[in-house]
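A.B. asks: take this sequence and fold it.
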Amino acid sequence: MKHIYAFEDVITFENLRKDVKEIKAVLDDYQKIMEQHYELKEVPRACIWTTEELATTFFSSVPIPAFTNNDVIYMSPDVASWQELFVKQLDNKDLPDIQRYYEELSIIHIATIAAHELTHHSDLFLDEFDDDYAYSIWFEEGMCEYLPRKHLLSSQAFAKCTEVESKLVSVFQSQYGGRSLNDFGAGSYTESLSSIMFEYWRSFLTVKHLVEVKYNGDVHAAFQAYHTWHRNGKQEPLTAFFDVEDILEGSNL
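C.D. replies: Here you go, the predicted structure:
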């Protein structure tokens, strides 16, 4: 995978050079894990490192500065801008502990975001980017959150991340919880940031439940079941197939 730097001036590049180097090192190690254990056979052609502004206004209109467009990853390595973005998703709610958590995010958390984008390229996911993701995009997005965090974060950091996102799902449940998880992707990225992130929080939590509770920690068993559902023609929503609809409500998360 080529690494391309798209910054408007040398000063910005120099300010972010260290962050890029650290994230890239983590991403290289994670790529080996994906190739050995999760059927990553074709890596993206390139990762374009850029600023939050260019990622969200020039390269796309997506409000999150990390995304994959066909076989190219676009990523902002700027830890400070990610910290600000994650605080913004709280919608000014009085959540001081969670706000502090996001204000103190370290480079390894940002590396998991880059790893999320790489995880999308695993052949374990059966839908291509341009295919109909009906009923299943939550599984892929949730797994792309789960695997990098599980492999790259310490057990304590993973537990804290889970605690924070469980709390956020509870906080925003009354606003966004009426939508089915199966409808992930049916909305627009013009919606509020909290609305967009709500889908990622609960997808991650659902996949975590699948792997660690339903399949006793066997991530490949979860993938095998997903493949069975896909092979049999997607005859029911994936949440119904996995019997996880009830865990999306309240304390059952």
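A.B. asks: with adjacent residues omitted, what lies nearest to Phe242?
C.D. replies: Take Phe242 and drop its neighbours on the chain: the residue closest to it by C-beta to C-beta, 6 or more residues apart in numbering is Leu210, 6.0 Å away. All C-beta spots, glycine's among them, are computed from the backbone N, C-alpha and C.
A.B. asks: equivalent analysis for Lys150, please.
C.D. replies: Excluding the flanking residues, the one nearest Lys150 by C-beta to C-beta, 6+ apart is Phe158, at 6.4 Å.
A.B. asks: what pLDDT is listed against the one you found?
C.D. replies: pLDDT for Phe158: 98.
A.B. asks: just to revisit the earlier point, hmm, Asp243 and the residue nearest to Phe242 touching each other?
C.D. replies: No - counting by C-beta atoms under 8 Å, Leu210 sits too far from Asp243 to count as a contact (9.8 Å).
A.B. asks: the stretch 1-150 of the chain: helices as residue ranges?
C.D. replies: Under the criterion DSSP state H, counting those that start in this stretch, helices of the stretch 1-150 of the chain are mapped to 10-37, 52-57, 79-88, 96-103, 107-119, 137-152.
A.B. asks: for Met197, which of those helices is the nearest?
C.D. replies: Among those, helix 79-88 comes nearest to Met197, with 8.4 Å by C-beta to C-beta.
A.B. asks: and the closest one, what does it pack onto?
C.D. replies: Helix 79-88 is packed against helix 96-103, helix 107-119, with contacts defined by 3 or more C-beta pairs under 8 Å, 6 or more residues apart in numbering; DSSP states H and E.
A.B. asks: pull out the buried positions in that helix.
C.D. replies: 79, 81-83, 85-87 (16 or more other C-beta atoms under 10 Å).
A.B. asks: now pLDDT too, for these, in CSV please.
C.D. replies: Listed next are those as CSV, based on pLDDT from 0 to 100:
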residue, pLDDT
Val79, 97
Ser81, 97
Trp82, 98
Gln83, 98
Leu85, 97
Phe86, 97
Val87, 98
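A.B. asks: next, format those as a markdown table and append distance to Leu27.
C.D. replies: Shown next, in a markdown table, are these (distance: C-beta to C-beta, whole Å):
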| residue | distance to Leu27 |
| --- | --- |
| Val79 | 15 |
| Ser81 | 18 |
| Trp82 | 15 |
| Gln83 | 20 |
| Leu85 | 20 |
| Phe86 | 20 |
| Val87 | 25 |
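A.B. asks: coming back round to it: remind me which helix or strand the residue nearest to Lys150 belongs to.
C.D. replies: Element membership for Phe158, per DSSP states H and E: helix 155-176.
A.B. asks: then the helix or strand just after that helix to CSV, C-alphas only?
C.D. replies: Sequence order places helix 193-209 as the next helix or strand after helix 155-176, per DSSP H and E. What follows is helix 193-209 as a C-alpha-only set of coordinates in CSV (Å, rounded to 0.1, in the frame of the first residue of the first chain):
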residue,chain,number,x,y,z
LEU,A,193,-22.8,13.8,13.9
SER,A,194,-24.3,12.2,17.0
SER,A,195,-26.9,10.5,14.8
ILE,A,196,-24.2,9.1,12.5
MET,A,197,-22.0,7.9,15.4
PHE,A,198,-24.9,6.3,17.2
GLU,A,199,-25.0,3.7,14.5
TYR,A,200,-21.4,2.9,14.9
TRP,A,201,-21.6,2.7,18.7
ARG,A,202,-24.4,0.2,18.7
SER,A,203,-23.0,-1.8,15.8
PHE,A,204,-19.7,-2.2,17.8
LEU,A,205,-21.6,-3.2,20.9
THR,A,206,-23.8,-5.7,19.0
VAL,A,207,-20.8,-7.3,17.4
LYS,A,208,-18.9,-7.4,20.7
HIS,A,209,-22.0,-9.3,22.2
